[in-house]
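Participant: predicted model and sequence below, questions to follow.
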Amino acid sequence: MTDLGQYDVVVVGSGGGALTGAALAAKAGLSVVVVEKTPLIGGTSAYSGGACWLPGSQVQQRAGIADSTESARTYLEAILTDPDQAKVEAFLAHAPELVAELEADDGIDFEWLPFPEYYDAPGRVGFGRSIQPTDVKRGDLPPEVAQLVRPPVERDRAGEGGRNTLSGGQSLIARLAAVLVREGGEIRTNLPVTGLLTDDDGRVVGVAAMTPEGPVTIGASRGVLVAAGGFEGNAALRQERGIPGDTAWTMAPAGTNTGEPIEAAIALGAAADFSAVGWFCPGLEHPDGSGSFTLGFRSGLMVDAAGQRYANECLPYDRFGREMAASAEGDPARVPSWFVFDSREGGRLPAIAMPEGDPAGHLAAGTWVTADTLDGLAAATGVPAEALASTVARFNGFCESGVDEDFGRGDDEYDTFFAGGDGPNKALTPCDRPPYYAARFVLSDLGTKGGLVTDVAARVLREDGSPIPGLYASSNSAASVFGQVYPGPGAPLGSAMVFASLAVRDLFSAPAATVGR
């Protein structure tokens, strides 16, 4: 077995949480290596809009919005169920500190991103409190970083390279990676981690990985931070842990997030909690069987196999995804569902799907169908014709009155954020202009949400609550501080970044392990 070297810190994964920890550790003077399974860095973080839910920071203060740590605490108290309060407080306390520390570096700055939070609850900030990194030009990045950042999802799935201007999640990944490289940190790609190394005292002192030439090891004298995503790409683990959906429908890049680092920690006695299940979203199904993260429905309505609506289509995506998954045994199937819309946008999907794909390709493959009448649409989808006609008629009546009597569509600021209808409720636009279309929707996810149990310092804990020395976890490799709740845009990235930073603070102060295993 080949030894690839000794470092203070080994970071497993290269998403927003992983690179936050890696960059901060390198800036603190520690030797750091990031170990990434695939040829490109960023994972699902690079596909994201880059929103970061980091309440109470100087960025929100600059923007003059009504955000504060206290209002975020009030909001979380209202929406979370039986949280680990110590971890919630650690998150709230460190979020503004982390933003200040990151923005103190000339290579990183953020701006406020108007995007409503996902629950109407005390402490909510109008138009949201999320922030995002500002854009960066590819030519301004170190060449080794510029060539490694994963392209946007629609280009990556098509085998195309990234754009010259990196925004959102790509900007976050690029900026953090640039800081890491500038400070002497290393990034090793095409290196899947297969296990964790321990010394005679049970301390984690490195990782085992696999190359085409054979197994290798990398030493970590201070600690290993596992921030490699969840296990959404592993069909067996999804089934074992009751995660609805399918590996084909996840938004994780192909070949990523199959859970080996989590399993390696469990093999060492780490406790795990999978009760939060996942970060869900309705997924536009594509001819190749994949799903696309979809939000911002402007018109149209979603129906189940019986032709009935079952939720407010304008709900925040995780909440709608959970409604899709909620169909009980014996109920009409909600996966797949059919999204019914008319021709008022020229046959384009009246929503934001990333990627949407080509309507002609969808129609040819049958993932979309079209007909001049609702009866014809029902025949093409297999939905009962009388039920579909009745559902659409009832929906159109709500559009005329401006009140969705069934699910309250348009009652919340999130519902109307993307909508532009000209009726009494701009989130309610009638479906009455033939030809009609129906697009098949499945249950997609932004990742699994359950993982290793950690404390306020992101130390991985055993079943008895004691920490495993030298082992830390963040991102979707760790059980979420928010449980089953998705508070607002950027909650996955924000929490991943905070606990990666807290991990670095702890391992920086911890005594280094003796070199040698």
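Facilitator: Received it, and whenever you're ready, just let me know what you need.

Participant: Provide a list of residues in contact with the most centrally placed residue in the chain.
Facilitator: For the chain, the residue whose C-alpha lies nearest the mean C-alpha position (CA atoms, centre = their mean) is residue 446; its distance is 4.1 Å. For residue 446, the contact set (CB atoms under 8 Å, 6 or more residues apart in numbering) comprises 44, 48, 250-251, 278-281, 293, 492. Backbone N, C-alpha and C define where each C-beta goes, glycine included.

Participant: next step: those residues restricted to helices.
Facilitator: Using DSSP state H, the subset of the contacts of residue 446 located in helices is 44, 492.

Participant: a markdown table for the contacts of residue 446, including neighbour count?
Facilitator: Shown next, in a markdown table, are the contacts of residue 446 (neighbours: other CB atoms under 10 Å):
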| residue | neighbour count |
| --- | --- |
| 44 | 29 |
| 48 | 28 |
| 250 | 28 |
| 251 | 22 |
| 278 | 30 |
| 279 | 24 |
| 280 | 25 |
| 281 | 28 |
| 293 | 24 |
| 492 | 27 |
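
Participant: closest to residue 410 out of the contacts of residue 446?
Facilitator: Relative to residue 410, the closest of these is residue 281; by CB to CB it sits at 20.3 Å.

Participant: who does the closest one form a beta bridge with?
Facilitator: For residue 281, the residues forming beta bridges with it (DSSP bridges) are residue 444.

Participant: swap in the one 4 residues further on?
Facilitator: Beta bridges link residue 285 to residue 291, judged by DSSP bridges.

Participant: per-residue confidence at it?
Facilitator: The score at residue 285 is 98. That number is its pLDDT.

Participant: looks like it contacts residue 367 (just checking).
Facilitator: Yes - in terms of CB atoms under 8 Å, residue 285 counts as a neighbour of residue 367; the distance is 5.1 Å.

Participant: looking at these two, which is more packed in?
Facilitator: Just comparing residue 285 and residue 367: by other CB atoms under 10 Å the higher neighbour count belongs to residue 285, 25 against 21.

Participant: excluding its backbone neighbours, what's nearest residue 426?
Facilitator: Counting by CB to CB, 6 or more residues apart in numbering, residue 419 is the residue found nearest to residue 426 once chain neighbours are left out, at 4.8 Å.

Participant: can you map out the strands along the stretch 251-400 of the chain?
Facilitator: Secondary structure of the stretch 251-400 of the chain (DSSP state E, counting those that start in this stretch): strands located at 272-273, 278-285, 291-295, 301-303, 337-341, 352-354, 368-371.

Participant: can you check which of these gets nearest to residue 210?
Facilitator: Of all these, the one in closest proximity to residue 210, counting by CB to CB, is strand 272-273 (23.1 Å).

Participant: neighbouring contacts of that closest one?
Facilitator: For strand 272-273, the surrounding residues in contact (CB under 8 Å, 6+ apart) are 262, 265-266, 450-453, 479.

Participant: same thing with stretch 24-33?
Facilitator: The contact list for stretch 24-33 (CB under 8 Å, 6+ apart) reads 5, 7-11, 22, 101, 105, 179-180, 183-188, 218, 222, 500-501, 504, 507-508.

Participant: just to revisit the earlier point, now do the contacts for the residue nearest to residue 426.
Facilitator: When contacts are counted by CB under 8 Å, 6+ apart, residue 419 is found next to 297-299, 314, 410, 426-427, 429.

Participant: for residue 156, same thing?
Facilitator: Under the criterion of CB under 8 Å, 6+ apart, the neighbours of residue 156 are 47, 150, 253.

Participant: count of neighbours near the first one?
Facilitator: Okay, so that is residue 47. Considering only other CB under 10 Å, residue 47 is surrounded by 24 other residues.

Participant: check the gap between residue 449 and residue 159 for me.
Facilitator: Taken as CB to CB, to the nearest Å, the spacing of residue 449 relative to residue 159 amounts to 29 Å.

Participant: could you do residue 330 as well?
Facilitator: Here residue 330 is placed at a distance of 43 Å from residue 159 (CB to CB).

Participant: that older thread, which one of the strands of the stretch 251-400 of the chain is the most hemmed in?
Facilitator: Mean neighbours per residue, mean count of other CB atoms under 10 Å, is largest over the strands of the stretch 251-400 of the chain for strand 278-285, with a mean of 27.

Participant: what's the angle from it to strand 291-295?
Facilitator: 100 degrees (axes from the mean of the first three to the mean of the last three CA atoms, to 10 degrees).

Participant: start at 57 instead
Facilitator: Understood, numbering begins at 57; the last thing we discussed is strand 334-341.

Participant: could you say what helices and strands strand 334-341 packs with?
Facilitator: strand 347-351, helix 373-381, strand 393-397, strand 492-504 (3 or more CB pairs under 8 Å, 6 or more residues apart in numbering; DSSP states H and E).

Participant: at 6 Å instead, please
Facilitator: Here strand 334-341 is seen to pack against strand 347-351, helix 373-381, strand 492-504 when contacts are counted using 3 or more CB pairs under 6 Å, 6 or more residues apart in numbering; DSSP states H and E.

Participant: related to what we said a few turns ago, among the contacts of strand 328-329, show me the least confident.
Facilitator: Least confident entry in those, by pLDDT: residue 506, with 91.

Participant: including distance to residue 135, could the strands of the stretch 307-456 of the chain go into a markdown table?
Facilitator: Shown next, in a markdown table, are the strands of the stretch 307-456 of the chain (distance: least, CB to CB, whole Å):
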| stretch | distance to residue 135 |
| --- | --- |
| strand 328-329 | 19 |
| strand 334-341 | 15 |
| strand 347-351 | 19 |
| strand 357-359 | 24 |
| strand 393-397 | 26 |
| strand 408-410 | 24 |
| strand 424-427 | 35 |
